[in-house]
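**Q** when you get a sec, could you give me coordinates for this:
(2 chains)
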There are 2 protein chains.
Amino acid sequence: MPPTPHRRGRPTIYDVARAAGVSKSLVSLVLQGSPKVSEQSRRAVEQAIAELGYRPSRAASNLAAGRTRLVGVLIDDYTNLWFVDLVRGLHAALGPRGYRLSVADIATADQAEHPVESFLSTRVDGIVVGMDPPDGLWSGKVPPVVVAGTRELSPPHAGSPFASVANDDAAGARLVAGHLAGLGHRIVGHVAVAGGAGTARRTAFTDEMQALGGTVHVTASVGPASDELGHAGAMELLAAHPGITAVFAANDVIAVGVLAAARDLGLRVPDDLSVVGYDDTSLAAARLIGLTTVDDRGFDVGAAAGRLLADRMEGRIIEPTATVLPPTLTIRGTTGPVRTT
Amino acid sequence: MPPTPHRRGRPTIYDVARAAGVSKSLVSLVLQGSPKVSEQSRRAVEQAIAELGYRPSRAASNLAAGRTRLVGVLIDDYTNLWFVDLVRGLHAALGPRGYRLSVADIATADQAEHPVESFLSTRVDGIVVGMDPPDGLWSGKVPPVVVAGTRELSPPHAGSPFASVANDDAAGARLVAGHLAGLGHRIVGHVAVAGGAGTARRTAFTDEMQALGGTVHVTASVGPASDELGHAGAMELLAAHPGITAVFAANDVIAVGVLAAARDLGLRVPDDLSVVGYDDTSLAAARLIGLTTVDDRGFDVGAAAGRLLADRMEGRIIEPTATVLPPTLTIRGTTGPVRTT
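**A** As a prediction, this is how the structure comes out:
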């Protein structure tokens, strides 16, 4: 028996059957993702599983022939903490259905094997892609994929329909523009970043600020997101355009670099310079930083991605879908009214 | 065929055999961890594998009957970034030997299943524990375990010898004490944290400061590490002991909370208060923060843990071992000489 660090008296498949008012065989069919089960029975069993905290034993899992019940989660970089809420949401949706998660990032990965190949070697039942998808992900041998976040999608193969779930990055960038314009900022900067989410944020922010009568100066180079990118980008923007009173950074990690540049230039935040990030990570929420940022609803994106992936892994839904959730603005201490001197 | 996002013309087992000057069968034996292979041949094959970037194909992996070549890495919390270098080191040691990593944390985990149970269900070949080990980890059915970091170890079962690799937390804390004493600090605070590493740091720091003629005030409560713990702890220490001129936080996340408390109290860092962390994470290195901290050599700890685990998974070493690496001090901008007023 594996150890049970959290609980004693683990619930059994019989407890689930009793709670759901169905037979043990029907619970087994649900665990195997059988298409023979009615939607109503499936929901009753899943509710009982969630309420009891039941998890299929190794033996029961093996009933589902050829299934590992393992889901791979692919991200760019552990040091960009936006993924933490995504993983929480995925656990919340997939845990009660008997799936486990394996998280891998590109930044720490061994050169010899791409994390996607690792997932395939481990025979994961599905993959959540939380980065711009690598080439070759859409071959016929790849299990169901759900893309989390706004991404640059190369055309999927005909046989590999996919689902995506993201916060609405364009809407989030417009919230930032509206907030800054409302505080009187008219000449603003944007530290841009490569990739699908970065492009959506840059384009929408620029368009909305211009519609509101403002001018946006955007950094020339778009490297991967980092503290250094934010510092160098803000230095570049403020040297070329001294009239800038606010900077929107493409994400929180970059925004922390912008805050460092402001300090190095002797600019007080927010009195001399307002700074906004994106993602609402634990870094943004830290008391020392207290960053105004866009909450990209990572938990909800993860939960929705988990449900969609489970539907696909169990063969219930195969059409392509694109789910977009509206983000919200979290106003903290790094934004304020433009100085009237 | 799985996709090959990084490279074309993937090296084969024949390339490895040619480069190592051995037969293909001998390469297979090495991949299976056979005890029949001489140490010299094994090293030649492993060197060829590393140089060529060879990874065993799924078929070759299956030769090693009953092996998944998957290693589970268990950590507390993704938001405490000390683990990132550990994972890099593990990849560097285990990747060339054909192992893949699956990282799981406790903080985001689904309530229904402990990550250790997930690892066991996935039939990992070994586990790296980067936190104080949960109860039940040492049962007879658990694969080889290497503990990374200084931990509170409940007595392992007789049949489960284990290895540990850690930086020397006591030595690291003494480096901090020596640095602060050398800057003239005599009345200092320590924001303590629960667990094996926290205890080692607290005890050694207190003893060494006292030996150097100083006085250490330690926070009363020891919750899990967080920004909030650091803020509350520093507020408590500085209210009770206004003569404190420096605070050693048990890790970097806590230190960032201490920096926020200093700002809230109107204390300049380092002019009015010196602050030191532990771990040398990317947070400490961020330009905005620039924290003096102890480099706990996460990459080297990970690489050593990976080698030890591979030896155990392949049956070459089974005696308990304890490896301790000396840490170093990274001096940045949050420490300075005590004010002489």
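
**Q** over to residue A:165: give its phi and psi.
**A** phi -130, psi 130 (degrees, to the nearest 10).

**Q** so what sits opposite it in the bridge?
**A** Beta-bridge partners recorded for residue A:165 (DSSP bridges): residue A:148, residue A:323.

**Q** give me the number of residues near it?
**A** Residue A:165 sits with 26 neighbouring residues when counted by other C-beta atoms under 10 Å in any protein chain shown. Using the backbone N, CA and C atoms, a C-beta is placed for each residue, glycine as well.

**Q** now do the contacts for it.
**A** When contacts are counted by C-beta atoms under 8 Å, 6 or more residues apart in numbering or on different chains, residue A:165 touches A:146, A:147, A:148, A:301, A:304, A:305, A:308, A:323, A:324, A:325.

**Q** spit out the contact partners of the first one.
**A** Remark: with contacts taken as C-beta under 8 Å, 6+ apart, residue A:146 is in contact with A:126, A:127, A:128, A:129, A:162, A:163, A:164, A:165, A:305, A:308, A:309, A:312.

**Q** confidence-wise, which of those residues comes last?
**A** pLDDT is lowest at residue A:162 among the contacts of residue A:146; the value there is 73.

**Q** what's the mean pLDDT across stretch A:328-339?
**A** On average, stretch A:328-339 scores 96.

**Q** still on that earlier bit, mind giving me the ChimeraX command for buried ones among the contacts of residue A:165?
**A** Of these, the buried ones go into a single ChimeraX selection, burial set by 16 or more other C-beta atoms under 10 Å in any protein chain shown:
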select /A:146,147,148,301,304,305,308,323,324,325
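
**Q** JSON lines for the contacts of residue A:165, including distance to residue A:223?
**A** Output for those, formatted as JSON lines (distance: C-beta to C-beta, whole Å):
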{"residue": "A:146", "distance to residue A:223": "27"}
{"residue": "A:147", "distance to residue A:223": "22"}
{"residue": "A:148", "distance to residue A:223": "22"}
{"residue": "A:301", "distance to residue A:223": "25"}
{"residue": "A:304", "distance to residue A:223": "30"}
{"residue": "A:305", "distance to residue A:223": "27"}
{"residue": "A:308", "distance to residue A:223": "32"}
{"residue": "A:323", "distance to residue A:223": "29"}
{"residue": "A:324", "distance to residue A:223": "27"}
{"residue": "A:325", "distance to residue A:223": "28"}
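
**Q** count the neighbours of residue A:311 for me.
**A** By other C-beta under 10 Å, 17 other residues sit near residue A:311.

**Q** surely it and residue A:317 touch.
**A** Yes. Contact criterion C-beta atoms under 8 Å: residue A:311 and residue A:317 qualify, at 4.2 Å.

**Q** how many neighbours does residue A:153 have?
**A** Residues within reach of residue A:153, counting by other C-beta under 10 Å, total 16.

**Q** now do the contacts for it.
**A** Contacts of residue A:153 (C-beta under 8 Å, 6+ apart): A:133, A:147, A:164, A:196.

**Q** how close does the last one get to residue A:149?
**A** So that's residue A:196. Separation of residue A:196 from residue A:149 (C-beta to C-beta, to the nearest Å) stands at 7 Å.

**Q** so for those two, which sits in the more crowded spot?
**A** residue A:149 (26 against 19).

**Q** hang on, isn't residue A:16 packed against residue A:50?
**A** No. Contact criterion C-beta under 8 Å: residue A:16 and residue A:50 do not qualify, at 10.0 Å.

**Q** neighbour count: those two, which is higher?
**A** Higher neighbour count among residue A:16 and residue A:50: residue A:16, with 26 against 15, using other C-beta under 10 Å.

**Q** just confirm the more buried one is within a helix.
**A** Yes. Under DSSP: H, G, I helix; E, B strand; the rest coil, residue A:16 sits within a helix.

**Q** distance of it from residue A:68?
**A** Using C-beta to C-beta, we find residue A:16 at a distance of 21 Å from residue A:68.

**Q** now do residue A:115
**A** For residue A:115, the distance to residue A:68 - C-beta to C-beta - is 16 Å.

**Q** show me which of these two is the more surrounded one.
**A** Comparing residue A:115 with residue A:68 by neighbour count (other C-beta under 10 Å), the higher total belongs to residue A:115, at 25 against 20.

**Q** how about the more buried one, nearest residue that isn't a chain neighbour?
**A** Spatial nearest neighbour of residue A:115, chain neighbours left out: residue A:104 (3.8 Å); criterion: C-beta to C-beta, 6 or more residues apart in numbering or on different chains.

**Q** give me the packing partners of the host helix or strand of the one you found, helices and strands only.
**A** Using DSSP states H and E, residue A:104 maps to strand A:100-105. On a contact count with 3 or more C-beta pairs under 8 Å, 6 or more residues apart in numbering or on different chains; DSSP states H and E, strand A:100-105 meets strand A:70-75, helix A:83-94, helix A:115-121, strand B:100-105, helix B:115-121.
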